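K.L.:
missing the sequence, but the structure's below:
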Ligand code: 5GP
Ligand code: MN
């Protein structure tokens, strides 16, 4: 982060401020962890922060400290709009383009006049932010929030609560410390967080060993639906709305399923297609191992983006048409 930006933010934070903190729509562990870590940090420094998520977060993150204070824009639009309009400073974390907050919130954000601070690790940031900490080499926004607090010379403020939020985002976005972007620095930060009291054996249980029986059955269905295009080192699976309904789907149940596609020997590209009848879209997650850039693939063909090994997108076609389009594209690729 540029020294001038750090100094400018230090000046902004030198007196109590009303501050809005925003994660992306469909917030994950890193989005919730980073926004709540910053929330607790700003609260500790006598500001009035509010986390405003575009839509609801999954239940498996509801234990995060402070999650009960999070306002949901799409449920409480009027009140959230007022908070956003009154904010003197606005942080956007774990995304870098307004459209990642959804069609309605995007328009509200575009009208705001307070300065934006972006902290994010995705590619191709839009230019709405006055102050930017944007770096794709990081595995998580949470690691950047840890650095951001350090840049402000406030590392001493990181207590067990803040550390727990940061730990959660680093853990989830790094695929439990497996993905590229996990560095020695990442592990040194993790070590410090554990020294601060983070319950590192308990958090993975809360996050990953908390499934319902029906969620496991849904996973079973997704695994049965999986197709392998061996020649193209690709696998993919899908879940229709009817399948989700028949396994009593709740938000968060499909989280992580996409990764199973890469666990097949020799497969380096995988995708999951999930029907959302209410939004009339097929939501897609892409994952790759090694050099195949799924961010570019998602941008080029499925109106999406993300990182080179983990990206997402959407399709307005039917499930069948979407899967055909995907197969067609893959058979033309040399992976
Ligand atoms: P996931 O597959 O876990 O939803 O997302 C993987 C990564 O891609 C995340 O970093 C997420 O922010 C990004 N991503 C997911 N869906 C979209 C999308 O529709 N557009 C863009 N630009 N990025 C996405
Ligand atoms: Mn992230």
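P.N.:
Alright, I've got the coordinates. Treat the numbers as computed from the prediction; the structure is a model and nothing was measured. Ligands and ions are numbered 1, 2, ... in the order given.

K.L.:
what about residue 170, distance to ligand 2?
P.N.:
10 Å (CB to the ion, to the nearest Å). In short, each C-beta sits where N, CA and C put it, glycine included.

K.L.:
confirm that that residue sits in a strand.
P.N.:
No. Under DSSP: H, G, I helix; E, B strand; the rest coil, residue 170 falls outside any strand and is assigned helix.

K.L.:
who are the contact partners of it?
P.N.:
30, 33, 139, 140, 142, 143, 177, 186, 189, 190 (CB atoms under 8 Å, 6 or more residues apart in numbering).

K.L.:
excluding chain neighbours, what is closest to residue 176?
P.N.:
residue 204 (7.1 Å; CB to CB, 6 or more residues apart in numbering).

K.L.:
an error on my part: the question was meant for residue 194.
P.N.:
That would be residue 200: by CB to CB, 6+ apart, it lies 5.2 Å from residue 194.

K.L.:
what is the neighbour count of the one you found?
P.N.:
14 (other CB atoms under 10 Å).

K.L.:
and for the one 5 residues further on?
P.N.:
Counted with other CB under 10 Å, the burial measure for residue 205 works out to 10 neighbours.

K.L.:
that one in helix, strand or coil?
P.N.:
Residue 205 - assigned by three-state DSSP - is helix.

K.L.:
next one: it from residue 171, what distance?
P.N.:
12 Å (CB to CB, to the nearest Å).

K.L.:
residue 312: which of the contacts of residue 170 is nearest?
P.N.:
residue 30 (13.5 Å; CB to CB).

K.L.:
which residues touch that closest one?
P.N.:
94, 140, 141, 142, 169, 170, 172, 173.

K.L.:
close to ligand 1, is the least confident helix or strand in the chain by mean pLDDT?
P.N.:
Least confident helix or strand, the chain: strand 305-306 with a mean of 93, by mean pLDDT, DSSP states H and E. Yes. Using CB under 6 Å from any ligand atom, strand 305-306 reaches ligand 1 at 305, 306.

K.L.:
cool, stretch 31-39 as well?
P.N.:
No. Interface with ligand 1: stretch 31-39 contributes nothing (CB under 6 Å from any ligand atom), its closest point being 7.9 Å away.

K.L.:
same deal with stretch 128-140?
P.N.:
No. Shown here: stretch 128-140 not in contact with ligand 1 (CB under 6 Å from any ligand atom), separated by at least 9.7 Å.
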